[in-house]
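Visitor: Quick one, fold the following:
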Amino acid sequence: MSTSHPVKTGAEVRAEFNRKGQAITVWAREHGYSPSLVFEVLRGRIKGRRGMAHEIAVLLGMKEGVIERRDRKDAA
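Guide: Residues are numbered from 1 along each chain as shown. Sure thing, here's the model as predicted:
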């Protein structure tokens, strides 16, 4: 029995933000990420293989993975 969730595309994540009426820029800042980096991950220009891009992709459901340190605001 698999407990994994389906991985979302950037378009699906954008549609989800639209359905919720939530701005991607606001989400990015609330989670301690650069809005431009979040947009690059959503576009697929940055694959999210490591670092902050990996964290963003996992949090948005665009890939399965583990995040060692979740709260970016406390990392500074």
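Visitor: Residues contacting the helix or strand hosting residue 52, please?
Guide: Element membership for residue 52, per DSSP states H and E: helix 51-59. Contact with helix 51-59 is made by 31, 33-34, 37-38, 40-41, 46-48, 62-67, 70, 72, as judged by CB atoms under 8 Å, 6 or more residues apart in numbering. Just so you know, the C-beta spots here come from the backbone N, C-alpha and C atoms, and that holds for glycine as well.
Visitor: Kindly recompute the last result at 6 Å.
Guide: 33, 38, 41, 46, 48, 63, 65, 67 (CB atoms under 6 Å, 6 or more residues apart in numbering).
Visitor: Contact partners for the fourth one?
Guide: Residues in contact with residue 46, defined by CB under 6 Å, 6+ apart, are 40, 53.
Visitor: Tell me the secondary structure at it.
Guide: coil (DSSP: H, G, I helix; E, B strand; the rest coil).
Visitor: Would you mind giving me the confidence score for residue 68?
Guide: At residue 68, the pLDDT value in this model is 84.
Visitor: and the gap between it and residue 9?
Guide: 25 Å (CB to CB, to the nearest Å).
Visitor: from the contacts of helix 51-59, which is closest to residue 20?
Guide: Residue 20 has its nearest neighbour among the contacts of helix 51-59 in residue 38, at 15.2 Å by CB to CB.
Visitor: the helices in this protein, which residues?
Guide: With helices called from DSSP state H, the chain shows them at 10-20, 24-30, 35-43, 51-59.
Visitor: Same question for the second one: list its buried residues.
Guide: When burial is assessed from 16 or more other CB atoms under 10 Å, helix 24-30 yields the following buried residues: 24, 27-28.
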